[in-house]
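Take this sequence and fold it.
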Amino acid sequence: MPPRVVTVGARVIDLNCDVGEGFGSWRMGPDEALLRIVSSANVACGFHGGDPSWMRRTCDAAIAGGVAIGAHVGFPDLAGFGRRHLEMSVPELTDAVLYQIGALDAFARTGGDRVRYVKPHGALYHAAAQREDHAAAVVAAVGEFDAELAVVAPPGSRLLVAAAAAGLAAAAEGFADRAYTADGGLMPRSQPGAVLTDPDAIGRQAVALAEDTAGGPADAVGTLCVHSDTPGAERVARAVRAALERAGFTVAAFTAVPAAP
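Prediction:
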């Protein structure tokens, strides 16, 4: 069963960014500026970054800018920023993901909207892409919370397959500011050059990813990610959006953003 890919048109692409990853008085990236550029916000839910006040502020800023809110769920690993793998059982991981979605949705609804999609972060993103048990846990949590939520995952990943099998909407994701390996995977952050920093090169890669439909409609990229902790993140995001628009794409959220019921 192919994924029910959420798109809004052949030349429409979503631009998402990881935001709300500060903690207490510590700030990660230029969230306010980025939320004026992107169309979807992957908001940290307190496990790898963020805290209740950051979650509220980020949701409020996203709503004010008409930006779709996504739950950026991760392993409970604040010290490692969610980039360390934690071995958890399927029930444990399901509960951890469900907890994060519910917490963020409370702040989104308080601000007048709701969570629209779920995207794993860091080590959980890679684990759910490669392992059936982790993919099953993420999908189970999404389905239990709200089966209308979309799931964001790499093209061809186990997470997209699991989402499709559960009847969930899905959007395949490309990374504008990350280097890819020859087999199409992301280059590990431990390797030199894994994070791209030249805005023009990142813009060109974004367009190439948006244009690539070689894997067929089910794996066509529907959303592109830029990171708030990439050096010069605001310049990068502006360059990506400008490059996409020059190539004839309209940048818009892959899910509609009506008022909360």
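
and the host helix or strand of residue 94, what other elements does it pack with?
Assigned by DSSP states H and E, residue 94 belongs to helix 90-110. Counting contacts by 3 or more CB pairs under 8 Å, 6 or more residues apart in numbering; DSSP states H and E, helix 90-110 packs against helix 52-64, strand 68-73, strand 117-120, helix 132-145. Just so you know, the C-beta spots here come from the backbone N, C-alpha and C atoms, and that holds for glycine as well.

what pLDDT, on average, does the shortest one get?
It refers to strand 117-120. Here strand 117-120 scores 98 as its mean pLDDT.

same question, stretch 16-29
Rounded mean pLDDT across stretch 16-29 is 90.

Could you work out the end-to-end span of that stretch for me?
Chord length of stretch 16-29, first to last residue, is 14 Å (CA to CA, to the nearest Å).

That one: which residues count as buried?
By 16 or more other CB atoms under 10 Å, the buried positions in stretch 16-29 come out as 16, 17, 18, 19, 20, 21, 22, 23, 28, 29.

Tell me the bridge partners for the fourth one.
Read it as residue 19. Following DSSP bridges, residue 19 is listed with bridge partners residue 43.

Wait, it touches residue 58, no?
Yes: contact between residue 19 and residue 58 holds when scored by CB atoms under 8 Å: they sit 5.6 Å apart.

Common neighbours of the two, please.
The contact sets of residue 19 and residue 58 overlap at 31, 35, 41, 43, 44 (CB atoms under 8 Å, 6 or more residues apart in numbering).

residues touching the closest residue to the last one other than its chain neighbours, list them.
What it means is residue 44. Spatial nearest neighbour of residue 44, chain neighbours left out: residue 50 (3.4 Å); criterion: CB to CB, 6 or more residues apart in numbering. Taking CB under 8 Å, 6+ apart, we find residue 50 in contact with 20, 21, 22, 23, 43, 44, 58.

for residue 50, helix, strand, or coil?
Assigned with DSSP: H, G, I helix; E, B strand; the rest coil, residue 50 falls in the coil class.

Please determine how far it is located from residue 104.
According to CB to CB, to the nearest Å, residue 50 stands 9 Å off from residue 104.

repeat for residue 153
Counting by CB to CB - residue 153 and residue 104 are separated by 18 Å.

With residue 85 instead?
Distance from residue 85 to residue 104, by CB to CB: 23 Å.

Ok, residue 63 next?
According to CB to CB, residue 63 and residue 104 sit 12 Å apart.

Break down this protein into its helices, ranges please.
Taking DSSP state H as the test, the helices found in the chain are 31-34, 52-64, 90-110, 122-130, 132-145, 158-165, 199-211, 233-246.
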